[in-house]
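>>> sequence below, structure please.
(2 chains)
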Amino acid sequence: MSDLIRQSATTLAAAIASKEVSAVEVAQAHLERIAAVEERVHAFLHITEVSAIAQAKAIDERIAAGEQLGPLAGVPLALKDVLAMKGEPTTAGSRILEGWRPPYDSTVVQRLRDSDIVILGKTNMDEFAMGSSTEHSAYGPTHNPWDLERIPGGSGGGSAAALAAFEAPLAIGTDTGGSIRQPASVTGTVGVKPTYGGVSRYGQIALASSLDQPGPCARSVLDTALLHAVIAGHDPMDSTSINAPVPDVVAAARRADVRGMRIGVVKELGGDGYQAGVAQRYSEALDILQGLGAEVVEVSCPHMEYALGAYYLILPSEASSNLARFDGMRYGLRAGDDGTNSVEQVMAITREAGFGPEVKRRIILGTYALSSGYYDAYYAQAQRVRTLITRDFDAAFAKVDVLVSPTNPTTAFKLGEKLDDPIAMYLNDVATIPVNLAGICAMSLPVGLAPEDGLPVGFQIMAPAMADDRLYLAGGALEAALVDKWGHLLIEEAPEL
Amino acid sequence: MSISRADVAHLGTLARLQLTEAELDHYAEQLDVILHAVARISEVAADDIPPMSHPIAMVNVFRDDVVKPSLTRDEALSGAPSSQDDRFRVPRILDEE
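The predicted structure is shown next:
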């Protein structure tokens, strides 16, 4: 088999199982690709080469011994650096965790190991997942493989760029307000934010606990579904994990059928402020879905316009509380411990030295929104708006099976363009945030290149909680129609690096 | 309603952040802009709407009360910036005088 790095996870797994190639050869091909392009892309913060090769070797031996392994056995994966992996550096993109090696595995990592997926390394991200560009990483930004001068999205820009640069066929992200879907959108890849509680958060460094959700990323809808099935399902270690059967996302991705499906176009997520090429590709995709036999109707979710405001109060509030644990006492950085400073002074000096500007900005904002005198006007009011947004979704899903919108208002913007303007940066997530507030599930998949800049455009599909299979039914059908039209997946048009 | 430097300094104290003079200026200005942008949520008349803290309504998720293996002392101390006698070593907590 030639050109191992350009194969799908599905193809690679079949070739490894039939001994056409070895898991070691597959891992080595990807490690060589990483060595060749990382200087320009910077998708990874840490490469787990030694453990990856050892894991691949063990898989080959078990296959040689006649053992039947899982559907993704031997396939390499890029892991977002926000998930604990035992004995390997885990920084969440922050200086405050530089050099920390977790003494345990997150549940996601445990399930990847149990499925014999080979973890190649930890991917770059905005510090503590706060951002939409990876520019807030303490270790420097990731570059978009489609145009190295542009952002790869964020916070999971490293995972998305690793896919688009053919450094790994699978990746894990986490999505609090769009951190899986927006990077997928701007890199021409596929990403899914599962239903809140669908994938365990145990061992994920928390940003906003009522919004955070790990999820699968890949270059095709079927590969994404296979990874989704591996990581999803109840976990007693996460008290917010849903104890119910996982919808059959793999069967849905294979069926890929929208005949008779009712698709709702969210009126409030589109129009003004959306780039012309984004609007054009979005509308063409709607025509394709209609042509495939779906019924496309417009629905109104009147409170969506308040989602961004509610999110930027709820998220900083939860984050300011969650990040209190980084105090320099039990793990991570400690600064100013000179024998005379008190414990409180050491904590304040450590946090000042260890956190970057966006993290401090959100901690201060969250502390403000939760402080006495402002709590009702800000935090409590934001929580009421959250209820209204959830009711909007409930009413819409009473009429349609899935909702759709563009994933982002624009294609990838230039590195540095929005770095000093937090509001402009936050506006990028206007269409992805409502999904997290309501705890429902959503997918972004590529639907073409914007004519004006030649950059990928993402299409968002949203489904009710625990109806994740509908994302794959609709996404699979749309992807198949586009592949028919183009003769290949959009990612094949990404420039050679 | 605007945010002063003194407000930001107070928030820094509450959040255990020893902010620099330049940061106090910068964040006072930016916080003002952000709060104006999010203030629109007050336009929604929602006094009778229950606040939502979480997407799934689950209460009292219990596990069986049985002893299971957990981290060893060495593992738990493995990331500590400073330890002594099998414990985390921390700076002084009480004033000496």
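>>> tell me where the stretch 301-450 of chain A has helices.
Assigned by DSSP state H, counting those that start in this stretch, the helices in the stretch 301-450 of chain A fall at A:307-322, A:343-354, A:357-370, A:381-397, A:422-427, A:433-438.
>>> so does the second one get close to chain B?
Yes: in this structure, helix A:343-354 sits against chain B according to C-beta under 8 Å from any C-beta of the partner chain; the contacting residues are A:343-349, A:351-352. The way it works is simple: take the backbone N, C-alpha and C, and place the C-beta from them, glycine included.
>>> how far off helix A:357-370 does whichever helix in chain B runs longest point, in degrees?
Determined from DSSP state H, the single longest helix within chain B is helix B:21-38. Between helix B:21-38 and helix A:357-370, the angle comes out at 60 degrees (axes from the mean of the first three to the mean of the last three C-alpha atoms, to 10 degrees).
>>> what comes into contact with helix B:21-38?
A:308-310, A:312-313, A:360-361, A:364-365, A:368, A:378, A:382, A:422-423, A:426, B:1-5, B:7-9, B:12, B:19 (C-beta atoms under 8 Å, 6 or more residues apart in numbering or on different chains).
>>> find the closest residue to chain B in chain A.
A:G439 (2.3 Å; C-beta to the nearest C-beta).
>>> was I right to think that residue contacts B:S53?
No: judged on C-beta atoms under 8 Å, A:G439 makes no contact with B:S53 at a distance of 11.4 Å.
>>> the two: which is more packed in?
Neighbour count, other C-beta atoms under 10 Å in any protein chain shown: between A:G439 and B:S53, A:G439 has more, with 24 against 14.
>>> any idea how far A:S239 is from the residue of chain B most remote from its centre?
When distances are taken from the C-alpha mean of chain B, B:V66 lies farthest, 31.3 Å away, according to C-alpha atoms, centre = their mean. Remark: distance between B:V66 and A:S239 (C-beta to C-beta, to the nearest Å) = 17 Å.
>>> sorry, back to before: so what's the residue of chain A closest to chain B up against?
Per C-beta under 8 Å, 6+ apart, neighbours of A:G439: A:195-197, A:390, A:465, B:54-56.
>>> mind checking pLDDT for it?
On the pLDDT scale, A:G439 is placed at 98.
>>> hang on, the earlier thing: what's the farthest-apart pair in the contacts of A:G439?
Distance extremes for those: the farthest pair is A:G197 and A:T390 at 14.4 Å, using C-beta to C-beta.
>>> for those two, indicate the residue with more neighbours.
Set side by side, A:G197 and A:T390 show more neighbours around A:G197, with 25 against 19, by other C-beta under 10 Å.
>>> in a strand, A:I461, correct?
Yes: counting by DSSP: H, G, I helix; E, B strand; the rest coil, A:I461 is part of a strand.
>>> can you count the residues close to it?
A:I461: 26 neighbours (other C-beta under 10 Å).
>>> just A:G293 next, same as before
12.
>>> most remote residue from chain A's center?
The centre of chain A is farthest from one residue, A:T340, which by C-alpha atoms, centre = their mean lies 43.8 Å away.
>>> any idea how far A:I16 is from the residue nearest to A:V24 when sequence neighbours are not counted?
Sequence neighbours aside, A:A56 is the residue nearest to A:V24 in space, at 4.5 Å (criterion: C-beta to C-beta, 6 or more residues apart in numbering or on different chains). Note on A:A56: its distance to A:I16, by C-beta to C-beta, is 9 Å.
>>> any shared contact partners between the two?
With C-beta under 8 Å, 6+ apart, A:A56 and A:I16 have common neighbours A:22-23, A:26, A:74.
>>> give me the number of residues near the nearest residue to A:Y312 once chain neighbours are set aside?
Closest residue to A:Y312 apart from its sequence neighbours, by C-beta to C-beta, 6+ apart: B:V38 at 5.2 Å. By other C-beta under 10 Å, 24 other residues sit near B:V38.
>>> could you do A:P357 as well?
Residues lying near A:P357 (other C-beta under 10 Å) number 16.
>>> touching, A:L323 and A:E127? I think so.
No: using C-beta under 8 Å, A:L323 is not in contact with A:E127; the gap is 10.3 Å.
>>> pLDDT weak spots in chain B?
Within chain B, the ranges that satisfy pLDDT under 70 run B:1, B:95-97.
>>> tell me the centre residue of it?
B:A15 (6.5 Å).
>>> picking that back up, higher neighbour count, A:A56 and A:I16?
A:I16 (27 against 22).
>>> quick one: pLDDT of the residue nearest to that one when sequence neighbours are not counted?
In this structure, A:I16 finds its nearest non-sequential neighbour in A:G74, 3.9 Å apart by C-beta to C-beta, 6+ apart. pLDDT recorded at A:G74 is 98.
>>> pretty sure A:G74 is in a helix, no?
No: per three-state DSSP, A:G74 lies outside any helix segment and is coil.
>>> what about it, how many residues close to it?
28.
>>> how much space between it and A:I59?
5 Å.
>>> what do these two both touch?
A:16, A:23, A:116, A:118.
>>> which residues touch the third one?
In other words, A:D116. So A:D116 contacts A:55, A:59, A:69-70, A:72-74 (C-beta under 8 Å, 6+ apart).
>>> next, count neighbours for the nearest residue to A:R255 once chain neighbours are set aside.
Counting by C-beta to C-beta, 6+ apart, A:R255 lies nearest to A:L473, which is 6.2 Å off, once chain neighbours are set aside. A:L473: 25 surrounding residues under other C-beta under 10 Å.
>>> center of chain A, which residue is that?
Taking C-alpha atoms, centre = their mean, the centroid of chain A lies closest to A:I180, which sits 2.0 Å from it.
>>> that one contacts A:G156, doesn't it?
Yes: the pair A:I180 / A:G156 is scored as a contact, 5.7 Å apart, by C-beta under 8 Å.
>>> can you give me the strands in the chain?
No chain in the question, so chain A it is. Applying DSSP state E to chain A gives strands spanning A:44-47, A:76-80, A:118-123, A:170-174, A:190-193, A:214-218, A:262-266, A:295-299, A:402-406, A:441-449, A:456-463.
>>> could you do chain B instead?
B:83-84, B:87-88.
>>> turn those into TSV, including distance to A:H143 and mean neighbour count.
Listed next are these as TSV, based on distance: least, C-beta to C-beta, whole Å; neighbours: other C-beta atoms under 10 Å in any protein chain shown:
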stretch	distance to A:H143	mean neighbour count
strand B:83-84	40	14
strand B:87-88	40	12
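>>> of all the ones you listed, which one is nearest chain A?
strand B:87-88 (5.6 Å).
>>> nearest to chain A: which residue in chain B?
B:P55 (2.3 Å).
>>> for the nearest residue to that residue once chain neighbours are set aside, phi and psi?
Distances taken as C-beta to C-beta, 6+ apart put A:G439 closest to B:P55, at 2.3 Å, once the chain neighbours are dropped. Main-chain torsions, A:G439, degrees, to the nearest 10: phi 80, psi 20.
>>> so what's the residue count around A:H228?
28.
>>> what's the answer for B:E21, then?
So B:E21, with other C-beta under 10 Å, has 9 neighbours.
>>> again, but for A:N322
Around A:N322 there are 18 residues (other C-beta under 10 Å).
>>> quick check, it in contact with A:L207.
Yes: using C-beta under 8 Å, A:N322 is in contact with A:L207, at 6.7 Å.
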